[in-house]
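> generate coordinates for the sequence data below:
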Amino acid sequence: MSDCRFCNPNWIDGKTVIVTGASGGMGAGIAASLIKNHGCEVIGVARSETKMLKFIEELGPDYAQQFSYKLFDVSDKEAWESFAKEITEAGKRPSVLINNAGILPKFKRFDRYSYEEIERAMNINFYSCVYGVKTFLPLLLEQNDPAIINVDSSAALMTLAGTSMYSASKAALKGFTEALRVEFKGKMYVGLVCPGFTKTDIFRDQKNDGGKGQKVMDMISTDCDRMVKMIMFGIEHKRPMMVHGLDAHAMSAFNRLLPVKGSELFSLVMKMADIDLFNEVFKD
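Reported below is the predicted structural model:
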């Protein structure tokens with residue numbers, strides 16, 4: 001059950017897996033890969049039933065029976081406890097938890113965030129993972145070869161201007177996951193994924209007119225299907241730390257080599273781009 005460099009990539013075959021944020025983007029891609037390539041039973045968690053039903057339709061009748069879902073707000077601790085009770089009573093025994101749900105608040109200078117925006121970012125990006133792990137850890141540890149995989153962000157590796165709350169929530173998740181990895185070494189696989197910008201709907205809350213700003217984000221973002229394949233490869237080989245995407249690797253390298261100037265340099269590039277997406281960061 002310990003982390004391994006050369007492990008059997010089929011270790012996850014046939015397992016029952018919980019995936020949050022499973023109704024779209026990377027979460028849906030991960031869920032589909034688990035079902036189609038590994039014969040897993042996946043229990044998806046999200047808030048939109050419309051998107052869940054669309055995902056089931058895309059899975060097709062041959063695979064839909066391996067997917068079930070529960071709709072709730074992942075930042076609600078009581079909802080997690082109710083969910084655990086419900087699936088336990090149904091006789092399901094998940095052995096893998098993949099915390100993928102997350103939000104990207106609008107790019108803003110910190111003083112422009114409301115308390116509601118601050119709490120929402122921390123609750124969904126960090127506390128939801130804490131609640132999920134705290135609730136399901138005892139059950140996971142009872143299973144054979146259990147695992148927790150937390151999908152974090154390149155923002156945990158280096159902070160950019162306008163991302164104070166997003167980076168703070170993701171840095172907290174990184175520290176939490178790294179502690180779990182050490183505390184449960186030999187008992188379960190704990191993986192941390194730090195993807196860069198990915199072509200999903202995570203930018204839905206951004207003020208972006210689809211023009212220059214969208215083109216810039218498309219240039220630096222990784223295709224969602226490609227990102228999912230890289231993440232799944234890391235999970236299959238029990239990689240403890242995964243950094244995916246050119247922008248993520250660049251941020252990781254610059255933060256190690258230039259821990260202060262690196263962030264300033266990347267933020268300067270954002271400012272020079274002069275796009276509406278960053279107006280609330282750099283303009284008074």
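
> go through the helix ranked longest in the chain and flag the buried ones.
Scanning the chain for the longest helix, with DSSP state H as the assignment, gives helix 164-183. Within helix 164-183, the residues that qualify as buried are 164-174, 176-177, 180-181, counting by 16 or more other CB atoms under 10 Å. Where C-beta positions appear, they are placed from N, C-alpha and C, glycine not excepted.

> kindly report the same for stretch 42-51.
Residues of stretch 42-51 classed as buried by neighbour count (16+ other CB under 10 Å): 42, 43, 44, 45, 46, 51.

> tell me, how many residues neighbour the nearest residue to residue 74 once chain neighbours are set aside?
Of all residues not flanking residue 74 in the chain, residue 128 sits nearest, at 3.7 Å (CB to CB, 6 or more residues apart in numbering). Residues within reach of residue 128, counting by other CB atoms under 10 Å, total 26.

> with residue 284 instead?
Neighbour tally, residue 284, other CB under 10 Å: 3.

> got a pLDDT number for it?
pLDDT recorded at residue 284 is 85.

> ok, it to residue 112 distance?
Residue 284 is 10 Å from residue 112, where distance means CB to CB, to the nearest Å.

> and what of residue 137?
Distance, residue 137 to residue 112, by CB to CB: 37 Å.

> could you do residue 222 as well?
29 Å.

> who has more neighbours, those two?
Applying other CB under 10 Å to residue 222 and residue 112 shows that residue 222 carries more neighbours, namely 20 against 12.

> report the contact partners of the closest residue to the more buried one other than its chain neighbours.
Once flanking residues are discounted, residue 222 sits nearest to residue 245: 4.5 Å by CB to CB, 6+ apart. Going by CB atoms under 8 Å, 6 or more residues apart in numbering, residue 245 touches 154, 195, 196, 197, 198, 221, 222, 227.

> run the last query once more with 7 Å
Shown in contact with residue 245 (CB atoms under 7 Å, 6 or more residues apart in numbering): 154, 195, 196, 197, 222, 227.

> also residue 221?
Contact partners of residue 221, counting by CB under 7 Å, 6+ apart, are 197, 198, 199.

> can you tell me the closest non-neighbouring residue to it?
Among residues not flanking residue 221 along the chain, residue 197 sits closest, at 4.2 Å (CB to CB, 6+ apart).

> count of residues packed around residue 120?
Residue 120 has 18 nearby residues by other CB under 10 Å.

> distance of it from residue 92?
Counting by CB to CB, the gap from residue 120 to residue 92 is 30 Å.

> poorly predicted segments of the stretch 101-250 of the chain, please.
Low-confidence segments of the stretch 101-250 of the chain (pLDDT under 70): 201-219.

> next step: the contacts of residue 245 restricted to strands.
Counting by DSSP state E, the part of the contacts of residue 245 found in strands is residue 195.

> closest to residue 147 among the contacts of residue 245?
Of all these, residue 195 has the smallest distance to residue 147: 18.1 Å, by CB to CB.

> I figured residue 126 hits residue 173, correct?
Yes: with contact defined as CB atoms under 7 Å, residue 126 reaches residue 173; the gap is 5.2 Å.

> buried set for stretch 134-143?
Buried positions in stretch 134-143, judged by neighbour count with 16+ other CB under 10 Å: 135, 136, 137, 139, 140, 143.

> how about residue 191, secondary structure?
strand (DSSP: H, G, I helix; E, B strand; the rest coil).

> which residue, other than its chain neighbours, is closest to it?
residue 149 (4.1 Å).

> could you measure from that neighbour over to residue 268?
Counting by CB to CB, the gap from residue 149 to residue 268 is 34 Å.

> which one of the two is surrounded by more residues?
residue 149 (25 against 13).

> could you look up the SS state of residue 160?
Following three-state DSSP, residue 160 is assigned to coil.

> hang on, it packs against residue 267?
Yes: between residue 160 and residue 267 a contact is recorded at 5.5 Å, counting by CB under 7 Å.

> sorry, back to before: please pick the buried ones from the contacts of residue 221.
197, 198, 199.

> of these, closest to residue 276?
Here the nearest of those to residue 276, counting by CB to CB, is residue 197; it sits at 16.9 Å.

> that closest one is in contact with residue 246, isn't it?
No: Residue 197 is not in contact with residue 246 according to CB under 7 Å; the separation is 9.6 Å.

> if we can go back for a sec, tell me which of the buried residues of stretch 42-51 is nearest to residue 72?
residue 45 (6.8 Å).

> ok so, going back, between the buried ones among the contacts of residue 221, which is closest to residue 12?
For the buried ones among the contacts of residue 221, the nearest to residue 12 is residue 198 (21.8 Å; CB to CB).
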